[in-house]
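Student: Structure here, sequence nowhere to be found:
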């Protein structure tokens, strides 16, 4: 018999293991596994990176022997029944002789969901699924979105006061949120394979867009939305184009961007993605297509007020991260979100769904899918 | 020896008991008590209303006999050492022969804090204090503020989207938040002895400002801030001046309000509090003074955008309740908070301190003291 409290405890450990590869498994999901004999964890494994063994195989290898009779394997994600190079995990679990399998999230691929569980059940294994299912699924926002929607997960991140402001009227914005919230941004920068900002952010803040966690510095793929290449017109190039990770920066611009600035980018070794322009704006559908070509399935877009308004009103992003400080600037001239779109009723709002919330010191993160 | 987990469990029960008198003990605090013998609750009590017995006395009476040797009494608030009519609770506890007393919050009165505990210790009783201290103190926001500041707790309540908007550009605002958040507002309307709104809210929403919880309807003291008595110029009187609770409504106006409208109020039996006008606005210091005269120590001010801006920028309120829907209206013409005060840096914000947060369905309540 399965014991819900024990199951949650072991699944929580498997989740911890999965997260050791935070941001390192793209385009694969993060997955963790533990093997339990007689109420004790005897082996652990997690998926380290694409091309490497799946979590279940890692755990079985770590055990280094046949599991004892009655052994259970806990996996945060439904075992695959159609793996590539390493063979199906369901086969390995059956071959190892486990008595029971406890699963967190179902395979998000509707064509596969439940198939791994069915194969295990047919082999006479006791299967429990859905243990910490929400948390296990939430771990793989990018993978789940890609598998089900066939488009990259584009997520916008913003930091606001309670009255919805990005900055003082002067533009001064250091800082809206506190240290813990800013450290959490670093975590999400590490999670996403790519980060994007608008040209105004580059001109205003000259950010590095690296993820800095303790001593570790990680540079994701960096994108700058800059239709007219105004960030390349600066006398000295901003950090994104001149630091040690400059090769990881791509500028998204229009064909109409000044030739001289396009040449300057080429000379500095900064690749340009020339995108079509639709109604005066770079075409994000074309951006999505280029991301797919480049096998980039998630982009964390750090938005200021202009880009925030644009991504919302044109519904360019799938997901929102809103950091909120318990502050009120109370200045009508401070920048917030929104153009003059002449809303008539509260039905004309965008809503966040599948909400997740976290308190970060005195600040608060609310995140979810953008729905209309 | 005191067991922290057990102490919390019993204190939580005492808190539940205290809350049975939610909003009914003004100007006294809500207090709950339980008597524990041998790990079992054998008697319970709570303070029902001002003039009635204190919680400890209620619990001792409910026990109806001497407590057993080794009995402990749990009280959410430090027992008084200088009670009025009913005698000091510390005396009653000593006389009853308790072996131990476990206390939640300390007496907020700096002149008394810790005195009750000292008296009990001197009598040889084992005293533990600070169990669920924050929750026990939070229960009595109004009482604590009055005792320490000698001014009523004025609290502003607002409902906002994530981008800080009260309504669509048209003014349509039904509803920003969902049912659970609106039910929570009813709870706070029951908590405060008085509710206030601005004239615009009366003209726009014609609210009743009663607390409706299940079948129970409660009408607090109702205030309308209406300098020029424009809410009395309507052809048919709004609910606040004509419903069954009209006698509980007071209108706050300036001496310059039209005589004809002042007469109309008198004819309708609606009392006016004529307040001085300072820089074009009713003087809230005078309002506080009138509240003290009337022994009203807490006012829940339900603000729309105009009053929200005013109470923030003139720092008229002590406390804020911000209900937040996970929605973005993204319309620059939608009303938010703030005038053109030309903020230069993020240091010019108001911050909420001593934060409390609650999730109410998909909505979120953040509340705290307004600090500059």
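Tutor: Yes, it's here. What you see is a predicted model, and the numbers here were worked out from it, not measured in a lab. Residues are numbered from 1 along each chain as shown, chains lettered A, B, ... in the order given.

Student: only C-alpha atoms for contact and neighbour calcs from this point on.
Tutor: Noted.

Student: Might you list the low-confidence residue ranges for chain A?
Tutor: Scanning chain A for pLDDT under 70 picks out the ranges A:1-2, A:83-86.

Student: which residues does the most centrally placed residue in it contact?
Tutor: Nearest to the mean C-alpha position of chain A, counting by Cα atoms, centre = their mean, stands residue A:192 at 4.3 Å. When contacts are counted by Cα atoms under 8 Å, 6 or more residues apart in numbering or on different chains, residue A:192 touches A:23, A:142, A:220, A:298-300.

Student: Equivalent analysis for residue A:23, please.
Tutor: Contacts of residue A:23 (Cα under 8 Å, 6+ apart): A:190-193.

Student: Same check on residue A:63?
Tutor: A:35, A:42-44.

Student: 10 Å - rerun?
Tutor: Taking Cα atoms under 10 Å, 6 or more residues apart in numbering or on different chains, we find residue A:63 in contact with A:34-35, A:42-45, A:57.

Student: ditto for residue A:346
Tutor: Contacts of residue A:346 by Cα under 10 Å, 6+ apart are B:166-176, B:327-329.

Student: Can you tell me which of those are also in contact with chain A?
Tutor: B:166-176, B:327-329 (Cα under 10 Å from any Cα of the partner chain).

Student: Now for the residues you listed: which two are most distant?
Tutor: Maximum pairwise distance among the ones next to chain A among the contacts of residue A:346 (Cα to Cα): 16.9 Å, between B:170 and B:327.

Student: quick one: which of those two has more around it?
Tutor: residue B:327 (26 against 14; other Cα atoms under 10 Å in any protein chain shown).

Student: ok, the spatially closest residue to the more buried one that is not a sequence neighbour to residue B:362 distance?
Tutor: Spatial nearest neighbour of residue B:327, chain neighbours left out: residue A:351 (4.4 Å); criterion: Cα to Cα, 6 or more residues apart in numbering or on different chains. Here residue A:351 is placed at a distance of 10 Å from residue B:362 (Cα to Cα, to the nearest Å).

Student: rewinding a little: now the contacts of residue A:23 as JSON lines including secondary structure?
Tutor: Below are the contacts of residue A:23 laid out as JSON lines (DSSP: H, G, I helix; E, B strand; the rest coil):
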{"residue": "A:190", "secondary structure": "helix"}
{"residue": "A:191", "secondary structure": "helix"}
{"residue": "A:192", "secondary structure": "coil"}
{"residue": "A:193", "secondary structure": "coil"}
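
Student: Would you format these as JSON lines with distance to residue B:239 included?
Tutor: Formatted as JSON lines, the contacts of residue A:23 follow (distance: Cα to Cα, whole Å):
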{"residue": "A:190", "distance to residue B:239": "56"}
{"residue": "A:191", "distance to residue B:239": "55"}
{"residue": "A:192", "distance to residue B:239": "55"}
{"residue": "A:193", "distance to residue B:239": "58"}
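
Student: buried subset of the contacts of residue A:346?
Tutor: In terms of neighbour count (16 or more other Cα atoms under 10 Å in any protein chain shown), the buried residues within these are B:166-169, B:171-173, B:176, B:327-329.

Student: Show me those residues that map onto strands.
Tutor: In this view, the buried ones among the contacts of residue A:346 that belong to strands under DSSP state E are B:327-328.

Student: Pipe the buried ones among the contacts of residue A:346 into CSV and attach distance to residue B:210 per row.
Tutor: CSV is the format used below for the buried ones among the contacts of residue A:346 (distance: Cα to Cα, whole Å):
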residue, distance to residue B:210
B:166, 21
B:167, 22
B:168, 26
B:169, 28
B:171, 23
B:172, 22
B:173, 19
B:176, 20
B:327, 27
B:328, 29
B:329, 29
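
Student: Out of the buried ones among the contacts of residue A:346, which is nearest to residue A:292?
Tutor: Among those, and counting by Cα to Cα, the member closest to residue A:292 is residue B:328, at 28.9 Å.

Student: and the closest one, what is it in contact with?
Tutor: Under the criterion of Cα under 10 Å, 6+ apart, the neighbours of residue B:328 are A:164, A:312-313, A:337-338, A:346, A:348-352, A:370, B:160-165.

Student: Go ahead and build a PyMOL selection from the buried members of those residues.
Tutor: PyMOL command restricting those to the buried ones, with burial defined by 16+ other Cα under 10 Å:
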select buried, (chain A and resi 164+312+313+337+338+346+348+349+350+351+352+370) or (chain B and resi 160+161+162+163+164+165)
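
Student: In strands, which of the contacts of residue B:328 fall?
Tutor: Using DSSP E, these in strands are A:350-352, A:370, B:160.

Student: which one of these sits closest to residue A:146?
Tutor: Nearest member of those to residue A:146, counting by Cα to Cα, is residue A:370, at 15.9 Å.

Student: From residue A:213, how far out is the closest one?
Tutor: For residue A:370 relative to residue A:213 (Cα to Cα), the value is 28 Å.

Student: can you check residue A:164 too?
Tutor: 28 Å.

Student: Isn't residue A:220 up against residue A:189?
Tutor: Yes: using Cα atoms under 10 Å, residue A:220 is in contact with residue A:189, at 7.4 Å.

Student: Find residues that contact each of those two.
Tutor: A:23, A:195, A:209-211, A:299-300.

Student: most surrounded residue in the residues you listed?
Tutor: Neighbour max across the shared contacts of residue A:220 and residue A:189 (other Cα under 10 Å) = residue A:300, 28 neighbours.

Student: Mind checking what secondary structure it has?
Tutor: Reduced to three states by three-state DSSP, residue A:300 is strand.

Student: what sits against it?
Tutor: Residue A:300 makes contact with A:153-157, A:185, A:188-197, A:220, A:222-223, A:317, A:319-321, according to Cα under 10 Å, 6+ apart.

Student: coming back round to it: widest-spaced pair of the contacts of residue A:63?
Tutor: So, the contacts of residue A:63 by Cα to Cα: farthest apart are A:42 and A:57, at 14.2 Å.

Student: Helices of chain A, residue ranges please.
Tutor: Per DSSP state H, chain A carries helices over the ranges A:4-18, A:55-63, A:89-96, A:115-122, A:133-138, A:141-149, A:179-191, A:199-205, A:239-242, A:259-268, A:284-293, A:305-313.

Student: quick revisit: from the shared contacts of residue A:220 and residue A:189, which ones fall inside strands?
Tutor: Those of the shared contacts of residue A:220 and residue A:189 lying in strands (DSSP E): A:195, A:211, A:299-300.

Student: between these, which is nearest chain B?
Tutor: Comparing these against chain B with Cα to the nearest Cα places residue A:300 closest, at 19.1 Å.

Student: if you skip the residues just before and after it, what's nearest to residue A:245?
Tutor: Computed as Cα to Cα, 6+ apart, the closest residue to residue A:245 that is not its neighbour in sequence is residue A:219, at 6.7 Å.

Student: Next step: the contacts of residue A:63 restricted to strands.
Tutor: Short answer: the contacts of residue A:63 in strands (DSSP E) are A:34-35, A:42-45.
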